[in-house]
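Peer 1: Below is the structure, and that's it, no one-letter string:
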């Protein structure tokens, strides 16, 4: 069985099957990232670990796509942005940030950030908060995909590593522009707020014909 | 030999030795992240790769610090933010973003973003641009560390994956606040601009006694 994404005729069943193959691999590599940062083993043990990592990599790279993953579509037209750094099923960097559409124009996202997302000691890097809010606010426009036009972030207090929540809602729309606002919160309340303008590219506009 | 960071009496020579042990491990895991996203091998080969990854993880986790890495200091007082998501030597997520201080208040950063930082197909995720600019602008204040107060990003056009450049400079300072501005550029020019206010926490202020 080959995992060939070069044509777009994958059925929804096949997509689910592929998810079950890839998701455990992605979670293992995410776990390995955490271990790489926190390990205190000696140099000889690190060398052994590295041999295993190189062996894993040789197997994975024995057949691979050229360049980045991009976005693929299944036979129902559902998009699979599996390489996406914020929410991609195959990207170990993605926490992942999976949003729930609560109502039209309103999204929420519960996620966990561990050692790999650290800036100041014990705290989420300010730039990671920006990545989270860019992604979450970017899910509010009624048409996908939307590109960020501008975004402003205000940091009220530090965001500690651990379980976190984000949400965003549409403030208004003007043609292809969606104005959205949102925040990140921990169990003590809001830590970072954001407002931004997101633009649906002309090719993605719904047509009337 | 144990890699013990629990006390802060590591000499600069020891720090260099530790860098030589950890940096290749970090680069291997970074490479593995890319392979995880781009691989097209069959399910049986993925299972083999995953066994190697689990074996590497068991070795690394056999002795590890509690929680995140934080910031450690060598005997010269040099900080080692090796877990930092933007520039940490031990964090495979960090591209890494290593800034050069061109002159007081002026920094530049050359870096490469591959498949792991993708948003739209072939393009850098807007939130990753925000992470880069938060980090680079945050290196401009005269006193370290500085926390982000506010930051505004304006996306002029898409940023393609590949070799990129960022730079930032101090616009003005007011007490503990540094106002900075900067941008990301590819070989065709500026793609994203940013301006922000960065605040040095009170405990980090230089004292006159």
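Peer 2: The structure has been received and is ready for your questions. Quantities reported herein were computed from a predicted structural model and do not represent experimental measurements.

Peer 1: When you work out contacts or count neighbours from here on, use the C-alpha atoms and nothing else.
Peer 2: Noted.

Peer 1: need the contact list for the residue nearest the centre of chain A.
Peer 2: When C-alpha atoms, centre = their mean is applied to chain A, the residue found nearest the centroid is residue A:86 (1.5 Å). Residues counted as contacts of residue A:86 (C-alpha atoms under 8 Å, 6 or more residues apart in numbering or on different chains) are A:93-97, A:131-132, A:135, B:119.

Peer 1: Turn these into CSV, including pLDDT, neighbour count and secondary structure.
Peer 2: Formatted as CSV, the contacts of residue A:86 follow (pLDDT from 0 to 100; neighbours: other C-alpha atoms under 10 Å in any protein chain shown; DSSP: H, G, I helix; E, B strand; the rest coil):
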residue, pLDDT, neighbour count, secondary structure
A:93, 98, 26, coil
A:94, 98, 22, coil
A:95, 97, 21, coil
A:96, 96, 21, coil
A:97, 97, 19, coil
A:131, 98, 21, helix
A:132, 98, 27, helix
A:135, 97, 25, helix
B:119, 95, 28, coil
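
Peer 1: Run a quick check on residue A:152 versus residue B:148, I expect a contact.
Peer 2: No - with contact defined as C-alpha atoms under 8 Å, residue A:152 and residue B:148 do not form a contacting pair (11.8 Å).

Peer 1: More neighbours: which of those two?
Peer 2: The residue with more neighbours, out of residue A:152 and residue B:148, is residue B:148; 25 against 21, by other C-alpha atoms under 10 Å in any protein chain shown.

Peer 1: Between the two ends of stretch A:94-105, how far is it?
Peer 2: From its first residue to its last, stretch A:94-105 covers 23 Å (C-alpha to C-alpha, to the nearest Å).

Peer 1: Contacts for that stretch next, please.
Peer 2: Residues contacting stretch A:94-105 (C-alpha under 8 Å, 6+ apart): A:84-89, A:107-113, A:132, A:135-136, A:139-142, A:169-170.

Peer 1: which of the residues you listed are buried?
Peer 2: When the contacts of stretch A:94-105 are checked for burial by 16 or more other C-alpha atoms under 10 Å in any protein chain shown, the buried set is A:84-89, A:107-110, A:113, A:132, A:135-136, A:139-141, A:169-170.

Peer 1: so where is chain A shaky, pLDDT-wise?
Peer 2: Judged by pLDDT under 70, chain A has its weakly predicted residues at A:1-9, A:207-209.

Peer 1: That one: helices as residue ranges?
Peer 2: A:12-38, A:43-61, A:126-137 (DSSP state H).

Peer 1: residues contacting the closest residue to residue A:112 other than its chain neighbours?
Peer 2: Nearest non-adjacent residue to residue A:112, counting by C-alpha to C-alpha, 6 or more residues apart in numbering or on different chains: residue A:163, 4.4 Å away. Neighbouring residues of residue A:163 by C-alpha under 8 Å, 6+ apart: A:110-113, A:186.

Peer 1: Narrow the residues you listed to those in strands?
Peer 2: A:110-113, A:186 (DSSP state E).

Peer 1: so which pair among those residues is furthest apart in space?
Peer 2: The distance between the two most remote of the ones in strands among the contacts of residue A:163 (C-alpha to C-alpha) is 11.3 Å, for A:113 and A:186.

Peer 1: what residues are shared contacts of those two?
Peer 2: Common neighbours of residue A:113 and residue A:186, using C-alpha under 8 Å, 6+ apart, are A:163-164.

Peer 1: how big is the angle separating the longest strand seen in chain A from helix A:126-137?
Peer 2: Ranked by residue count under DSSP E, the longest strand found in chain A is strand A:162-174. Interaxial angle, strand A:162-174 versus helix A:126-137 (axes from the mean of the first three to the mean of the last three C-alpha atoms, to 10 degrees): 50 degrees.

Peer 1: circling back to that earlier point, what's the spacing between the residue nearest to residue A:112 and chain B?
Peer 2: Going from residue A:163 to chain B by C-alpha to the nearest C-alpha, to the nearest Å gives 14 Å.

Peer 1: re earlier: how about the nearest residue to the residue nearest to the centre of chain A, chain neighbours excluded?
Peer 2: residue A:94 (4.6 Å).

Peer 1: Now the phi/psi pair for the one you found, please.
Peer 2: In terms of degrees, to the nearest 10, the main-chain angles of residue A:94 are phi -70, psi 130.

Peer 1: before we move on, what about the one 5 residues further on?
Peer 2: Residue A:99 has phi and psi values of phi -90, psi 150 when expressed as degrees, to the nearest 10.

Peer 1: what number of residues lie near it?
Peer 2: 20.

Peer 1: How about residue A:172?
Peer 2: Neighbours around residue A:172, by other C-alpha under 10 Å: 13.

Peer 1: now do residue A:162
Peer 2: When neighbours are counted by other C-alpha under 10 Å, residue A:162 registers 15.
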